[in-house]
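Engineer: sharing a model that was predicted from the sequence below.
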Amino acid sequence: MKKHYSKKSTEKKIEKLYNFSRSELIENGIQKYNFEKVIKYAGLSKATVYKKFKNRKNFIIETIKFLIDDYIEPFKKLLDDVESFDEVFDFLYGLNIDFKEILDIYPIEDLFSDFEILDFINNYYYEKFGIIIKNKIEEFKIKGEIRNDIKTDFIFEYITSVTKSIGNLLSKYEYKEVIESFSILINSSLKNDF
């Protein structure tokens, strides 16, 4: 007798697939990511998964999208709660995170070795986080806290470049040193009264 799966049952299994895939990706990275294990755990057939996602890489990209989506609302709320440009740096200084330890535990560096995945992350960042950041930049400009003579798009690109540089330097230098140096650079280039 042939099994019949309801659409609701399959949707729950797809959600389980995403949740387990997220854990697998965070724990093992892309290179050691075990797609078959994830499919088996979710209780889906390979045919069902490949029909929906085409291949392993497309599914990894969808998982990364799923991960990023989890951070959009908390990020928006965080920025909504920030009332001044200085608060951004106060928040960053207040973080007590050992990024070297995080990089040792989670193999996220191989995300940046695959150009298709890196391109997706970059484009999705611009699409999802760009408008939130640009709105906050506009707010700081209106308050007179940062320079008004530079277009918001240029400031956004500058901050994005700086953020990527911070990520690269965190594997070599202590967090506080990186944040302190970059806060001086950002403040001196963007603030009206530095």
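Structural biologist: Done, it's in.
Engineer: not counting sequence-adjacent ones, nearest residue to the residue nearest in space to the middle of the chain?
Structural biologist: When Cα atoms, centre = their mean is applied to the chain, the residue found nearest the centroid is Ile68 (5.0 Å). Among residues not flanking Ile68 along the chain, Tyr124 sits closest, at 5.8 Å (Cβ to Cβ, 6 or more residues apart in numbering). The C-beta positions use only the backbone N, C-alpha and C, and glycine is treated the same way.
Engineer: and that neighbour, what pLDDT?
Structural biologist: pLDDT recorded at Tyr124 is 93.
Engineer: thinking again about what came up before, surely the residue nearest to the centre of the chain is in contact with Lys128?
Structural biologist: Yes - Ile68 is within contact range of Lys128, at 6.5 Å (criterion: Cβ atoms under 8 Å).
Engineer: name the next helix or strand downstream of the worst-scoring helix or strand of the chain on mean pLDDT, please.
Structural biologist: Least confident helix or strand, the chain: helix 99-105 with a mean of 68, by mean pLDDT, DSSP states H and E. Counting by DSSP states H and E, the next helix or strand C-terminal to helix 99-105 is helix 115-128.
Engineer: can you list the domains in this protein?
Structural biologist: The record assigns the chain these domain ranges, following automatic domain parsing: 1-66, 82-194.
Engineer: is it true that Tyr124 touches Leu67?
Structural biologist: No - taking contacts as Cβ under 8 Å, Tyr124 lies outside contact range of Leu67: 10.2 Å.
Engineer: check which residues of stretch 120-139 are buried.
Structural biologist: For stretch 120-139, burial by neighbour count (16 or more other Cβ atoms under 10 Å) applies to Phe120, Ile121, Tyr124, Lys128, Phe129, Gly130, Ile132, Ile133, Lys136, Ile137, Glu139.
Engineer: now the fifth one: phi and psi?
Structural biologist: This points to Phe129. phi -100, psi -20 (degrees, to the nearest 10).
Engineer: does it touch Leu78 like I think?
Structural biologist: No - counting by Cβ under 8 Å, Phe129 does not reach Leu78; the two are 11.3 Å apart.
Engineer: doesn't Ile132 fall inside a helix?
Structural biologist: Yes - under DSSP: H, G, I helix; E, B strand; the rest coil, Ile132 sits within a helix.
Engineer: now for the domains of the chain, which one comes closest to Pro74?
Structural biologist: Proximity to Pro74, assessed across the domains of the chain by Cβ to Cβ, is greatest for domain 82-194 (11.1 Å).
Engineer: give the contact list for the nearest residue to Phe66 once chain neighbours are set aside.
Structural biologist: Nearest in space to Phe66, with sequence neighbours left out and distances taken as Cβ to Cβ, 6+ apart, is Tyr18 at 5.0 Å. Going by Cβ atoms under 8 Å, 6 or more residues apart in numbering, Tyr18 touches Glu62, Thr63, Phe66.
Engineer: by neighbour count, which of the residues you listed wins?
Structural biologist: Thr63 (23 neighbours; other Cβ atoms under 10 Å).
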